[in-house]
Structure formats: structure tokens, C-alpha cells
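1. let's see this in three dimensions:
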Amino acid sequence: MTDLLEALMILCFGLSWPISIRKSWVSRTAKGKSLFFEVFIWIGYVFGIIRKIMLWSAATEPLGWLFYLAWAFYVLNIVEITIDMALYFRNVKLDKAAGR
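-> Prediction:
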């Protein structure tokens, strides 16, 4: 049950990142975004992935599909936030070019 709850939590987070990515892409500004916030979220996902690796390496019996589903969502989320952080840097550059 805890793997299901974790997978659902990560799924919900993962659904929000495309919205943030789209906003970053369309707005073409870094105003209202916090790189500091995104870096800490990114680090949190890294810790989640490390936890999954530790659980996998210590497992004495086969892990269920929910374990692997949560693992996949962690990887997807870290990719999405990395894209959003890259867009932040693009938008900072666009802000500077526009004199904002």
C-alpha cells in the first residue's frame, strides 16, 4: 500500500511539471520562477531515486510492479524539472536581452 501511495504522489507531481514547462516556454520570462525552489525539488527527487536504488539493492525478494512504477515516475519527474530549469536559464537570457 505504501508503494501505491508513493507512486500516486509522484504521479501527481509529475502531472504538474508539464504545466510549469508550458508556462515557462510560452511566457518567455523568468519572472515569477524560483531557481532556488526548483533546485531543492530536483535534489529531493535525487534523494528519492537514491532511496529506490538502496531498496532495490537490499531486496531479498522480487519487488512489486508498484516499486518500478514509482521508480519510473521519479525519473520522469527529474527529467521534467531539468527541462523547466533549462527553460529558466533561457528565459533569464531573454529577460536580459529585452531589458526586463
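
2. quick one, helices of the protein?
-> Taking DSSP state H as the criterion, the chain carries its helices at 2-27, 35-58, 65-98.

3. please identify the buried residues of stretch 77-90?
-> Of all the residues in stretch 77-90, those buried under the rule 16 or more other C-beta atoms under 10 Å are 77-78, 80-81, 83-85, 87-88. C-betas here are computed from N, CA, C, even on glycine.

4. I'd like those residues as a markdown table, with pLDDT appended.
-> As requested, the buried residues of stretch 77-90 are arranged in a markdown table below (pLDDT from 0 to 100):
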| residue | pLDDT |
| --- | --- |
| 77 | 94 |
| 78 | 95 |
| 80 | 96 |
| 81 | 96 |
| 83 | 97 |
| 84 | 97 |
| 85 | 97 |
| 87 | 98 |
| 88 | 97 |
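
5. pLDDT at residue 52, what is it?
-> Note for residue 52: predicted pLDDT of 88.

6. okay, now it: neighbour count?
-> For residue 52, the neighbour count with other C-beta atoms under 10 Å is 19.

7. let me know whether it touches residue 69 as I believe.
-> No. Counting by C-beta atoms under 8 Å, residue 52 stays clear of residue 69, with 10.9 Å between them.

8. want to try CSV for the buried residues of stretch 77-90, with distance to residue 29 as columns?
-> Formatted as CSV, the buried residues of stretch 77-90 follow (distance: C-beta to C-beta, whole Å):
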residue, distance to residue 29
77, 24
78, 24
80, 20
81, 19
83, 17
84, 14
85, 15
87, 10
88, 10
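
9. what's the closest of these to residue 32?
-> Checking those against residue 32 with C-beta to C-beta, the nearest one is residue 88 at 10.6 Å.

10. no more questions from me, cheers.
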